[in-house]
Structure formats: C-alpha cells, structure tokens
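Coordinates for the following, if possible.
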Amino acid sequence: MIGRLITLVISLVVFERGKWAILEPVMLVECSAPIEFHGQLLSSVTRRNGVIIDTDLSDSYARVVAEVPLNEMFGYAGELRSLTEGKGEYTMEYSKYCPARAETTEAVIAEAEENKAKEDNGSSAKTKKKRKN
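As a prediction, the model looks like this:
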C-alpha cells in the first residue's frame, strides 16, 4: 500500500515538473528530376521544413535527399509534378521521431483543447436531457 502511494506521488511530481515534448515522425525523402529542376527540388523541400542531407547532380538528373516531417509531406506528389512538369518523382520512408516545431505543438494543443471542450459540452447536454426525462 505504501509503495503504491509513493509511486503515485513520485509520478505526479515528475508529471508536473517534467519537460514534455510532442514528437512527430520524420521521413527520409529522396526526390529526383531532370537537372533543370534542381533548384525547384531544393526549394520545395526547404519550404516544407526539410533538412537537406545530400544532393547529387549526375548525368541529366538531380537527386535531393532530405529529412522532412511527415505532416509536411501531404500534397507533395502534386506539387512535385507541378514543379517538374510531371518529370519528378520521390520516395519516402520512416527515419525517426523528433520534437515537433513550436507552431506544430501549439496547433496540436489547440486542437486537443477544442476537442475536449466539445466533448465537455456534449456530455453536459446529455446529462441535462437525462435529468429532464
């Protein structure tokens, strides 16, 4: 009994004083396109908060390897086709988890608070209906 109480108190203290971070998946992205689109490849990745790891210009093709947050990759296929006149392609695979940027963290927290408020309002409305019946 005392062991459980001590564990509970320690958990509460750590929870209140600890440093918390929201983690997001980061993808390893490899883009390739004809060499004349090299600049567009670089700018499209950096606009999406990507970190360029490697670039390679060989033959008539440019290749860019970067780590990009998964949340930033939605819609990239269409953008890449547009930028490269349909000649670009990319692959993406999981790389690691990293702490989310401040803007992402704030958006996630705001959305969670909004959802919680909706749930609280929904549950109080159900309680009122039950009381009337």
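
which residues touch the nearest residue to residue 66 once chain neighbours are set aside?
Using Cβ to Cβ, 6 or more residues apart in numbering and skipping residues adjacent in sequence, the residue nearest residue 66 is residue 50, 4.0 Å away. The way it works is simple: take the backbone N, C-alpha and C, and place the C-beta from them, glycine included. Contact analysis of residue 50 by Cβ atoms under 8 Å, 6 or more residues apart in numbering lists 29, 66-68, 72.

The same query, at a cut-off of 10 Å, please.
By Cβ atoms under 10 Å, 6 or more residues apart in numbering, residue 50 lies in contact with 26-27, 29, 31, 42, 44, 64-69, 72-73, 76.

for residue 67, same thing?
Residue 67 is in contact with 26-29, 45, 49-53, 95-96, 98, counting by Cβ under 10 Å, 6+ apart.

And the strand or helix carrying residue 29, what does it pack against?
Per DSSP states H and E, residue 29 falls inside strand 23-34. Here strand 23-34 touches helix 38-47, strand 51-58, strand 61-69, helix 76-83, strand 89-99, helix 102-132, going by 3 or more Cβ pairs under 10 Å, 6 or more residues apart in numbering; DSSP states H and E.

With adjacent residues omitted, what lies nearest to the spatially most central residue of the chain?
Centrality entry for the chain: nearest residue to the mean C-alpha point is residue 71, 3.5 Å, by Cα atoms, centre = their mean. In space, and not counting its chain neighbours, residue 71 is closest to residue 24: 6.1 Å by Cβ to Cβ, 6+ apart.

Neighbour-wise, give me the winner out of the contacts of residue 50.
Among the contacts of residue 50, residue 31 has the most neighbours (other Cβ atoms under 10 Å), with 28 neighbours.
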